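Novice: build the 3D model from these lines:
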Amino acid sequence: MEKILLEIVTLTQSVTQAQNFAVVLGEENGNRRLPIVIGNAEAQAIAVALEGMVPTRPLTHDLFKNTLDTFDIKLVEVRISDLVDGIFYAKLICSFKGDVFEVDARSSDAIALAVRFECPICTYEKVLAEAGIVLGDEDDKPKKVKKKKPAKKSLTGYTVAELNELLGKTVASEDYEKAAEIRDELTRRSEGS
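Specialist: Below you'll find the predicted structure:
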């Protein structure tokens, strides 16, 4: 079967399942999108890698990458291999000393690893035909649904020293979404000086 290359288009809160998120993969040379519903922890794991954040302690996916690197096992490709009863199946295509191995994985974990290894993500036509969304004009594009955040003290009310202290605490508590907001505020201030 011919493989179709995919890329991560967006990571957003799921429209159909409020407690979950969706990672949307797009056909590299086409207009089809493949939305995959994932959990909050997996969304955070993907977001941390996409943002290039380095946690103080390795997250599970970082630990797995470090282990593979230690033993010189390469993740060469992530394949969204099947869709059965609404559940996506994935394979990690690994190489070790010239041999190629396939390892079963949840699609969310496989995508989190693909971002860390910077390896291609692909699928098959049958998966895209069954679960893909075809985009036409700009007006047909699905709208991103942003997670509503509870009211909180605005970051603009903090001093730079307070923001740096808060950043340290949020990274230590592994609240990477908030840490990204704080980092963005610090960047905005340094560029405004």
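Novice: got any ranges where the protein has weak pLDDT?
Specialist: 14-18, 136-154, 171-174, 193 (pLDDT under 70).
Novice: so what's the most centrally placed residue in it up against?
Specialist: The centroid of the chain falls nearest to residue 46 when counting by Cα atoms, centre = their mean (2.7 Å). By Cβ atoms under 8 Å, 6 or more residues apart in numbering, the contact set of residue 46 is 8, 11, 23, 38, 108, 111-112, 115. For glycine as for every other residue, the C-beta is placed from the backbone atoms N, C-alpha and C.
Novice: surely residue 12 touches residue 21?
Specialist: Yes. Counting by Cβ atoms under 8 Å, residue 12 does reach residue 21; the two are 6.5 Å apart.
Novice: neighbour-wise, which of those two wins?
Specialist: Under the criterion of other Cβ atoms under 10 Å, the comparison of residue 12 against residue 21 puts residue 21 first, with 23 against 18.
Novice: if you drop the residues flanking it in sequence, what lies closest to the residue nearest to the centre of the chain?
Specialist: Excluding the flanking residues, the one nearest residue 46 by Cβ to Cβ, 6 or more residues apart in numbering is residue 112, at 5.0 Å.
Novice: list the contacts of that neighbour.
Specialist: Residue 112 neighbours (Cβ under 8 Å, 6+ apart): 42, 45-46, 49, 61.
Novice: and the furthest pair within those residues?
Specialist: 42 and 49 (11.1 Å; Cβ to Cβ).
Novice: how far away is the residue nearest to the centre of the chain from residue 101?
Specialist: For residue 46, the distance to residue 101 equals 23 Å [Cβ to Cβ, to the nearest Å].
Novice: can you give me the neighbour number for residue 182?
Specialist: 22.
Novice: now it: which helix or strand?
Specialist: In this assignment (DSSP states H and E), residue 182 forms part of helix 176-192.
Novice: do the same with residue 90
Specialist: Counting by DSSP H and E, residue 90 is part of strand 87-96.
Novice: give me the contacts around that strand.
Specialist: Under the criterion Cβ under 8 Å, 6+ apart, residues 36, 68, 71-83, 100-107, 109-111, 113, 127, 131 lie in contact with strand 87-96.
Novice: which SSE is immediately downstream of it?
Specialist: Remark: after strand 87-96, the chain's next helix or strand is strand 99-106, criterion DSSP H and E.
Novice: quick one: that following strand to chain centroid distance?
Specialist: 20 Å (Cα atoms, centre = their mean, to the nearest Å).
Novice: paired strands for that strand, with orientation please.
Specialist: Counting by DSSP bridges, the strands paired with strand 99-106 are strand 87-96 (antiparallel).
Novice: buried ones in the strand it pairs with, by neighbour count?
Specialist: 88-94 (16 or more other Cβ atoms under 10 Å).
Novice: mind putting those into a markdown table with distance to residue 169?
Specialist: Compiled in a markdown table, the buried residues of strand 87-96 are given as follows (distance: Cβ to Cβ, whole Å):
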| residue | distance to residue 169 |
| --- | --- |
| 88 | 36 |
| 89 | 39 |
| 90 | 35 |
| 91 | 39 |
| 92 | 35 |
| 93 | 39 |
| 94 | 37 |
